[in-house]
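Enquirer: predicted model, plus sequence, below.
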Amino acid sequence: MISANSQLRLDFNNTEIAFRNKSDKDLEKAYWLFKMVASNTLIKIGTPITTFALNIGLPIQGIIRNTIYKQFCGGESISGCAPAIKELGLGGVTTILDYSVEGEESEDSFDQTCEEILRTVAYAKQEKLISFCVFKPTGLGRFDLLAKSDAKQPFTAEEKAEFQRLYNRVDRICRACHDAGIKVLVDAEHSWIQDTIDDLAREMMEKYNQTQVIVYNTYQLYRTDKLASLKADFAYAQTQNFYLGAKVVRGAYMEIERERAAEKGYVSPIQPTKQASDDDYNEAIRFCLDHINRIGLMAGTHNEESSKLLAEEMVSRGISPKNEHIFFAQLLGMSDNLSFNLAASGFNVAKYMPYGPVKAVMPYLFRRAQENTSVGGQTGRELALIMKEKERRKQRK
């Protein structure tokens, strides 16, 4: 562990620390899985085939459970995640328990999702290795309703009642987290529903972040307007005297956003270059650190340079690596070289741990796999690190 004033020694190439909890068999499985994910064609073909096989009841759940599901998910239930939560804890990494069922559209499903997230809050209150809960707004309300709200189209009386139910679900979760003292992340979504989500998150922060940071909104810095949104939200938080919770990420819907903008003839909200995204992301980190006494920062990134920048800035500013307002975060099954090496150096690190029934979580897994193929170098980097660790272990035998 480092102290606030010591020199930072952080090596993201240290595979011994990164994969210390993985057996040789686990490492071999991860190697072949990332080899498959690296094939964009395989992902595009495999996604509809797997969906079809699941829908007609072919017995492939066991194969999925032991491959892609095991790599990226914690379990099929909250209690089923316990071994994975404990394993992360051995490496000094906490868990963000993420109920990752997507694509449901009924009021019953929204109610069930709300109740499940409330169960994660109750579990987190007892399990100290869980640092955050999280929810996806479209898991609690209909996508098209949020889109209509964003477009400023008038609601019918029925839609007003429907939106109130969505609001009530969000409020129940945030209130439960406030009462339990558990941090909660509001995930970002597509740009054409994001304004309404931002409004909801801002209202929840104003309501529940009066004495500490409980609710975090998500700022996708691959959008050209989100650095300005972050700064504006902080200015508002200052005037209203509440803490701002900021989960800063690059973003997850780049290709969809660009395609929709081209199709509908409006200017894409996505940054023109990767460098522009990187610059805004890093500026967002510095801005949050400038005001860290009033901002809770979660840096959700798989980018080594941004992770190193945040760690170095904390050391140079004399900010303790254990400052409760700062967390690094990565997805389960990815970038273990970042997560475990940061944790070994004393920083607060959390992993997003998706869970849920195999079939119900498949839309999430397909989306993640497709995102991986579109993120330049990410899969190749994972493979290179796994190969390095395999060679290191081979030489020690």
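Expert: Now that the structure is in, tell me what you want to look at. Numbering: from 1, shown residues only.
Enquirer: please make it C-alpha for all contacts and neighbour counts, starting now.
Expert: Fine.
Enquirer: shaky segments in the stretch 1-150 of the chain?
Expert: 1-7, 37-63, 103 (pLDDT under 70).
Enquirer: which residues in it form helices?
Expert: With DSSP state H, counting those that start in this stretch, the ranges of helices along the stretch 1-150 of the chain come out as 15-18, 24-37, 40-55, 61-65, 68-72, 82-90, 107-126, 143-150.
Enquirer: adding mean neighbour count and distance to Arg165, write the ones you listed out as a markdown table.
Expert: Shown next, in a markdown table, are the helices of the stretch 1-150 of the chain (neighbours: other Cα atoms under 10 Å; distance: least, Cα to Cα, whole Å):
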| stretch | mean neighbour count | distance to Arg165 |
| --- | --- | --- |
| helix 15-18 | 21 | 43 |
| helix 24-37 | 16 | 39 |
| helix 40-55 | 13 | 30 |
| helix 61-65 | 14 | 34 |
| helix 68-72 | 20 | 32 |
| helix 82-90 | 16 | 32 |
| helix 107-126 | 18 | 9 |
| helix 143-150 | 18 | 12 |
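Enquirer: now distance to Ile319 too, for those, in JSON lines please.
Expert: What follows is those, written out as JSON lines (distance: least, Cα to Cα, whole Å):
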{"stretch": "helix 15-18", "distance to Ile319": "24"}
{"stretch": "helix 24-37", "distance to Ile319": "35"}
{"stretch": "helix 40-55", "distance to Ile319": "42"}
{"stretch": "helix 61-65", "distance to Ile319": "41"}
{"stretch": "helix 68-72", "distance to Ile319": "32"}
{"stretch": "helix 82-90", "distance to Ile319": "23"}
{"stretch": "helix 107-126", "distance to Ile319": "27"}
{"stretch": "helix 143-150", "distance to Ile319": "39"}
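Enquirer: residue contacts, the residue nearest to Phe110 when sequence neighbours are not counted?
Expert: The shortest distance from Phe110 to any non-neighbouring residue, by Cα to Cα, 6 or more residues apart in numbering, is to Leu140 (4.6 Å). The neighbourhood of Leu140, defined by Cα atoms under 8 Å, 6 or more residues apart in numbering, consists of Phe110, Asp111, Thr113, Cys114, Leu166, Arg169, Val170.
Enquirer: helices of the stretch 251-397 of the chain, start to end?
Expert: 254-264, 274-290, 304-316, 336-344, 358-374, 378-396.
Enquirer: point out the most buried one among the ones you listed.
Expert: helix 336-344 (a mean of 25; mean count of other Cα atoms under 10 Å).
Enquirer: per-residue confidence averaged over it?
Expert: The average of the pLDDT scores along helix 336-344 is 97.
Enquirer: run the chain-centre distance for it.
Expert: Distance of helix 336-344 from its chain centroid, counting by Cα atoms, centre = their mean, to the nearest Å, is 16 Å.
Enquirer: please apply the same query to stretch 343-354.
Expert: Worked out by Cα atoms, centre = their mean, stretch 343-354 lies 12 Å from the chain centre.
Enquirer: please enumerate residues in contact with it?
Expert: With Cα under 8 Å, 6+ apart, stretch 343-354 has contacts from 1-2, 9-10, 17, 72-75, 91-100, 131, 321-324, 326-332, 339, 342.
Enquirer: mind checking which of these are buried?
Expert: Buried members of the contacts of stretch 343-354, scored by 16 or more other Cα atoms under 10 Å, are 2, 10, 17, 72-75, 91-100, 131, 321-322, 326-332, 339, 342.
Enquirer: show me what counts as buried in stretch 206-219.
Expert: Glu206, Tyr208, Asn209, Gln212, Val213, Ile214, Val215, Tyr216, Asn217, Thr218, Tyr219.
Enquirer: quick one: contacts for the first one?
Expert: Spelled out, that is Glu206. Ala237, Gln240, Phe242, Tyr243.
Enquirer: quick check: pLDDT value at the last one.
Expert: In this model, Tyr243 is scored at 98, pLDDT.
Enquirer: neighbours of it, how many?
Expert: 25 (other Cα atoms under 10 Å).
Enquirer: show me the contacts for it.
Expert: Met205, Glu206, Asn209, Gln210, Thr211, Gln212, Val213, Ala237, Arg294, Ile295, Gly296.
Enquirer: out of those, what pair is the most spread apart?
Expert: Glu206 and Gly296 (13.7 Å; Cα to Cα).
Enquirer: what separation do you get for the spatially most central residue of the chain and Glu16?
Expert: The chain has Tyr352 as the residue nearest its centroid, 5.6 Å off, counting by Cα atoms, centre = their mean. Applying Cα to Cα, to the nearest Å, the value for Tyr352 to Glu16 is 22 Å.
Enquirer: likewise Gly300?
Expert: 23 Å.
Enquirer: hmm, back to that, so which of the helices of the stretch 1-150 of the chain is nearest Phe287?
Expert: helix 143-150 (27.6 Å).
Enquirer: quick one, the next helix or strand after that closest one and helix 107-126 angle?
Expert: For helix 143-150, the succeeding helix or strand toward the C-terminus, using DSSP states H and E, is helix 157-180. When axes from the mean of the first three to the mean of the last three Cα atoms, to 10 degrees is applied, the directions of helix 157-180 and helix 107-126 differ by 10 degrees.
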